[in-house]
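In: Show me how the following folds:
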Amino acid sequence: MEIKDMKILIVDDDLFTSEMLAEILKDSGFNVLTANNGLNAIEVHNQNTDLKLIVSDMNMPEMNGLELIKKIREAKSSIPIIILTGNNEISIAIEAINSGANDYLLKDENIQDTIIMSVNKVLEKQAMKEQNERLLIDLSIKNKELESTLDELKTSQERLVQSEKMASLGLLVAGVAHEINTPVGVCTTAISHLHKMTKEITTSLNEQKMKKSDLTQFLTDSNEYCDIITKNLFRTSELVKSFKMVSADQTSSEKRVFNVKSYIEDILLSLSPKLKVTTHKLEINCPNDIEIDSYPGAFAQIITNLIMNSLIHAYSQEDSGIITIAITSNESEIFIDYSDNGKGIPEENLKKIFDPFFTTKRGSGGTGLGLHVVYNIICQTLKGGISCESVLGKGTTFKINLPKILNIAQ
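Out: Now for the predicted structure:
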């Protein structure tokens, strides 16, 4: 709002002081109203809902400045109030601030300068406070919408997990729910910092310790946090849209008997566009007669994600690596040893590699979902197990065991 639209009420029983302050503020572009005591000021306040500020004398007949503040605050009005007095005792200033005044000025020879500075400072602070309150309301509405969406996603997940045909979509719901927590968490952190900064700048202002540099930094930081909140809310919205689209297109896998070696060869054929741009060598050591009764689509996702994990994490662009898939079996299970001779995994990361969204290649092709998806498919969908062994600089091996005949009632 422009200054010329801002109404300011001056309350003073001294006509000379009232007219002087009115002229000063009018010359600065404000719309000025006057009242000669506290009772009159309350009437003016109630009749002008667009009033932006009250500048009141401390000592007045019928109702003094402190009583005026009390009445205004009892009416649940947050309009800023500046108190004026000719008494320079600090105890009076403290009493005024504690009663709800936003600033305290002495009527001295500098009043013409200090009144403009105080008015501008208090109005700017009030504008920032109102902006932050609007932002908090908007964020609260968005959070409620997100909570509702998350509730819907969780409900969908419970239903989908019960259906073997939609098991993969259940994993997608879990991944999306976890992904949404990230931008929501960023928004929560940002608004918490913004709230803390607002309290700190308010305290500094009330204690008359605020410097221009403090206010400038506060405005800069506020804009940055607002940008962060806007971007992350938009990101969350896009994630929800993406989930709805993917879930609509998702098709379920069918359980059937398939030959393991032949199926792996088919998987590698589908990955040839990715593999042919590298100089890596891929070896399959698997008997020709191993068959399993399981979900071929889930099996394909395991092999695909492990290979892509090696291409992204195990080797540099100029490396020529060796990836080996060795498969053995007994009467009830098959055992897959998937190995690469790449960089290996640091010991401190081994315990985290199956965690969702853990990656050391953020922004370089890694999403942090590949091994998490592999783990869930093996342990939940296919009722198997997986472990990882790695030596830094010598490579990584994933050991997997799967039932030959998947009992979907397990």
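In: Now do the same contact list for the nearest residue to E62 once chain neighbours are set aside.
Out: With sequence-adjacent residues excluded and distances taken as Cβ to Cβ, 6 or more residues apart in numbering, E62 is closest to N37, at 4.9 Å. (Glycine included, C-beta is placed from N, CA and C.) Shown here is N37, whose contacts under the criterion Cβ atoms under 8 Å, 6 or more residues apart in numbering are 11, 13, 60-63.
In: quick one: which of those residues is nearest N132?
Out: When those are compared for distance to N132 (Cβ to Cβ), V11 comes out closest, at 28.0 Å.
In: Which parts of the stretch 151-300 of the chain are strands?
Out: Remark: strands of the stretch 151-300 of the chain, listed N- to C-terminal, are 256-259, 281-285, 291-294; assignment by DSSP state E, counting those that start in this stretch.
In: Minimum distance to S204: which of these has it?
Out: With Cβ to Cβ as the measure, strand 281-285 is the member of the strands of the stretch 151-300 of the chain nearest S204 (64.2 Å).
In: partner strands of that closest one, parallel or antiparallel?
Out: Its sheet considered, strand 281-285 pairs with strand 322-329 (parallel) by DSSP bridges.
In: hmm, back to that, return the subset of the contacts of N37 lying in strands.
Out: Mapping these onto strands (DSSP state E) picks out V11.
In: And the most centrally placed residue in the chain, what's its pLDDT?
Out: Per Cα atoms, centre = their mean, the C-alpha nearest to the average position across the chain is that of V186, at 2.3 Å. Predicted confidence (pLDDT) at V186: the value is 78.
In: what about it, distance to L219?
Out: When Cβ to Cβ, to the nearest Å is the yardstick, V186 and L219 sit 21 Å from each other.
In: just to revisit the earlier point, highest average neighbour count across the strands of the stretch 151-300 of the chain?
Out: Greatest average neighbour count among the strands of the stretch 151-300 of the chain goes to strand 291-294 (a mean of 19), per mean count of other Cβ atoms under 10 Å.
In: residues near the nearest residue to E283 once chain neighbours are set aside, how many?
Out: The spatial neighbour of E283 that comes closest, neighbours along the chain excluded (Cβ to Cβ, 6+ apart), is T324 at 4.8 Å. If you count neighbours by other Cβ atoms under 10 Å, T324 ends up with 16.
In: List the contacts of T324.
Out: Residues near T324 by Cβ under 8 Å, 6+ apart: 282-283, 285, 337-340.
In: how about 7 Å then?
Out: For T324, the contact set (Cβ atoms under 7 Å, 6 or more residues apart in numbering) comprises 283, 285, 339.
In: And those residues, which is closest to Y104?
Out: Using Cβ to Cβ, S339 is the member of the contacts of T324 that sits closest to Y104, with 75.1 Å.
In: what helix or strand does the closest one sit in?
Out: Here S339, judged by DSSP states H and E, is contained in strand 333-340.
In: name the helices or strands packed onto the strand or helix carrying T304?
Out: Assignment of secondary structure by DSSP H and E places T304 within helix 296-309. Using 3 or more Cβ pairs under 7 Å, 6 or more residues apart in numbering; DSSP states H and E, the elements in contact with helix 296-309 are helix 260-270, helix 370-376.
In: immediately after the last one, which helix or strand?
Out: Read in the C-terminal direction, the helix or strand following helix 370-376 is strand 385-391, with elements assigned using DSSP H and E.
In: How far off centre is that following strand?
Out: 33 Å (Cα atoms, centre = their mean, to the nearest Å).
In: Tell me the strands beside it, with direction?
Out: Strand pairing for strand 385-391, determined by DSSP bridges: strand 395-403 (antiparallel).
In: Would you mark the buried spots in the partner strand?
Out: Taking 16 or more other Cβ atoms under 10 Å as the neighbour-count basis, strand 395-403 is seen to contain the buried residues 395-398, 400-403.
In: Please identify which of the residues you listed is nearest to E207.
Out: Using Cβ to Cβ, T396 is the member of the buried residues of strand 395-403 that sits closest to E207, with 58.8 Å.
In: What's the local residue count around the closest residue to the closest one other than its chain neighbours?
Out: Spatially, and ignoring its direct neighbours in sequence, T396 is nearest to S390 (4.1 Å; Cβ to Cβ, 6+ apart). By the measure other Cβ under 10 Å, the count of residues near S390 is 22.
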